[in-house]
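S.K.: Quick one, fold the following:
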Amino acid sequence: MRILPLPKCFFVCFSAWALSISLLLFPVKEAAAAGSIIQEFVLPDEISAPNSIALDAAGNVWFAEKVGKRLSVYDPQKNEFRSFPIPSAWGSVGPARIAVGPKGKIWFNVTRWMETVDNVDFLGEFSPADGSFKKHELSSKTGAGELLTDQHRVIPEELLIDAKGIVWLLVPGENALYSYDPAASILKAHVIPTVNCYPRGLSIDGDGVLWFSEANANKIGKFDPKSATFAEYDIPTAFATAGETAVDGDGNVWFVEMRTNRLGVFYPALERFDEALLPAARSLPSDIAIDGDGKIWFLEYLASKVGLFLPKEALFREFVIPTTGSLPGSLVIDKKRGLLWFSETSTDAKRLGLLDIGNMDKTAAGAAAGTGGVLKEKSVSGEGGGQKIMFALGALLLAAGGAVFLIARRRRKGGA
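M.R.: Below you'll find the model as predicted:
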């Protein structure tokens with residue numbers, strides 16, 4: 001029996017079917033981004049990508065440049081950016097992490113350029129009222145506080161300011177938590193019990209107790225300023241590489257697990273942990289914050305998404321950032337105005353992102369975010385997934401039937 005070649009129309013039918021199936025089951029990523037309810041604000045050319053961000057009482061968004069030597073601010077009311085260069089006398093340094101303190105002062109630590117040997121053992125204080133900078137040396141000259149280093153200087157990597165105006169600093173290189181009283185210029189050190197734990201993700205609860213993660217030790221740490229004592233709690237998942245933390249209104253400590261791609265929570269009253277795998281694989285959660293309603297918000301650095309977890313419903317949602325590869329790094333929530341701001345740290349993106357979490361339209365939210373259980377995600381393309389699959393199978397059967405008919409007809413003609 002002679003085997004005849006397949007007709008060209010078969011390949012045309014099959015190609016059309018394959019293309020339709022791929023579009024139905026795997027829609028283009030940009031389609032999801034186009035439906036996003038996230039707004040973006042492009043930075044002026046003279047400002048590099050934003051990194052750490054903070055919010056003042058007026059709703060202005062302050063940020064440190066990722067590669068730059070300026071503090072910058074965005075005024076949403078005026079839709080205006082402004083920048084303030086770090087004093088050149090401080091050396092070749094730029095702001096790293098920032099925080100807003102009493103009277104609207106902007107506090108920050110600094111990082112230096114690789115080619116320099118300028119000191120970074122100080123804090124910067126900026127007054128928006130008059131545009132002035134003040135330098136706070138973190139050395140033995142500061143006061144009667146304890147110091148741990150032989151060099152008699154402290155290089156902080158994170159900072160937080162409490163209700164009393166005390167600046168708290170994490171210094172991973174010394175395995176220590178420091179407090180700095182600007183009024184008295186007193187610096188005090190508190191040695192974290194676990195050696196080489198690499199503390200990070202500093203946050204504070206309603207009682208003034210400080211919480212942080214210990215990335216190398218796989219623990220959550222606690223420091224009570226009243227008793228000057230530490231407590232540490234082992235995270236159940238091994239090698240979690242815990243990062244940023246945030247405390248909710250009930251005193252529960254939420255944190256991101258960067259290596260294991262999880263969201264975790266520690267309940268101090270029960271001394272118990274809960275953890276949930278994030279919907280997007282290998283998303284590298286980078287920051288976390290809690291809004292006025294107790295909802296947990298986080299950033300997915302590699303997935304270019306803003307994530308949401310609803311504790312009562314045990315439900316995840318995700319919002320696609322319009323700019324692909326934006327590398328969202330830092331977020332802050334304006335509880336008064338119901339706004340979530342975040343930085344897009346990619347030097348190609350150079351944007352601030354905004355999500356109006358106080359007035360999210362349910363339809364838009366449903367289009368931009370899938371819903372599912374704690375360990376599941378229903379993505380944007382998941383809506384109507386059953387109908388799409390049935391349609392795809394129907395198209396497959398139709399295409400196959402047509403191909404069989406054409407082949408049989410061709411063979412009959414050949415036999416004749």
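S.K.: At which residues are the strands of the stretch 101-250 of the chain located?
M.R.: Ranges of strands in the stretch 101-250 of the chain, per DSSP state E, counting those that start in this stretch, are 106-112, 122-127, 132-137, 158-161, 167-171, 176-181, 186-191, 199-204, 210-214, 219-224, 229-234, 242-247.
S.K.: For the ones you listed, could you give me CSV that also reports distance to residue 356, mean neighbour count and mean pLDDT?
M.R.: Backbone N, C-alpha and C define where each C-beta goes, glycine included. CSV is the format used below for those (distance: least, CB to CB, whole Å; neighbours: other CB atoms under 10 Å; pLDDT from 0 to 100):
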stretch, distance to residue 356, mean neighbour count, mean pLDDT
strand 106-112, 25, 22, 93
strand 122-127, 28, 19, 96
strand 132-137, 34, 14, 96
strand 158-161, 27, 20, 96
strand 167-171, 31, 23, 96
strand 176-181, 36, 21, 95
strand 186-191, 40, 17, 92
strand 199-204, 24, 22, 97
strand 210-214, 29, 26, 98
strand 219-224, 32, 21, 98
strand 229-234, 36, 14, 98
strand 242-247, 20, 24, 98
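S.K.: quick one, which of these is nearest to residue 68?
M.R.: Ranking the strands of the stretch 101-250 of the chain by proximity to residue 68 (CB to CB) places strand 106-112 first, at 10.8 Å.
S.K.: just checking, residue 156 touches residue 169?
M.R.: Yes. Between residue 156 and residue 169 there is a contact under CB atoms under 8 Å: 3.8 Å.
S.K.: Next, show the common contact partners of those two.
M.R.: Common contact partners of residue 156 and residue 169 (CB atoms under 8 Å, 6 or more residues apart in numbering): 109, 123, 138, 178.
S.K.: Save the residues you listed as TSV, and put in distance to residue 130 too.
M.R.: Putting the shared contacts of residue 156 and residue 169 into TSV (distance: CB to CB, whole Å) gives the following:
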residue	distance to residue 130
109	22
123	19
138	24
178	28
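S.K.: nearest to residue 258, of these?
M.R.: residue 109 (21.3 Å).
S.K.: quick one: that closest one from residue 120, how far?
M.R.: For residue 109, the distance to residue 120 equals 7 Å [CB to CB, to the nearest Å].
S.K.: Distance of residue 42 relative to residue 349?
M.R.: Where residue 349 is concerned, residue 42 sits at a distance of 9 Å (CB to CB).
S.K.: Comparing these two, which residue is more hemmed in?
M.R.: residue 349 (24 against 13; other CB atoms under 10 Å).
S.K.: What distance do you get for that one to residue 239?
M.R.: Counting by CB to CB - residue 349 and residue 239 are separated by 30 Å.
S.K.: same deal with residue 96?
M.R.: From residue 96 to residue 239 the distance is 27 Å (CB to CB).
S.K.: who has more neighbours, these two?
M.R.: Higher neighbour count among residue 96 and residue 239: residue 96, with 21 against 10, using other CB under 10 Å.
S.K.: if I pick that one, what's in contact with it?
M.R.: Taking CB under 8 Å, 6+ apart as the test, what residue 96 contacts is 51, 52, 64, 108, 109, 110, 111, 157.
S.K.: give the contact list for the third one.
M.R.: For residue 64, the residues meeting the contact criterion (CB under 8 Å, 6+ apart) are 50, 51, 52, 53, 71, 72, 94, 95, 96, 97, 98, 108.
S.K.: what's the domain layout of the chain?
M.R.: Per automatic domain parsing, the structural domains of the chain span 1-34+391-416, 40-388.
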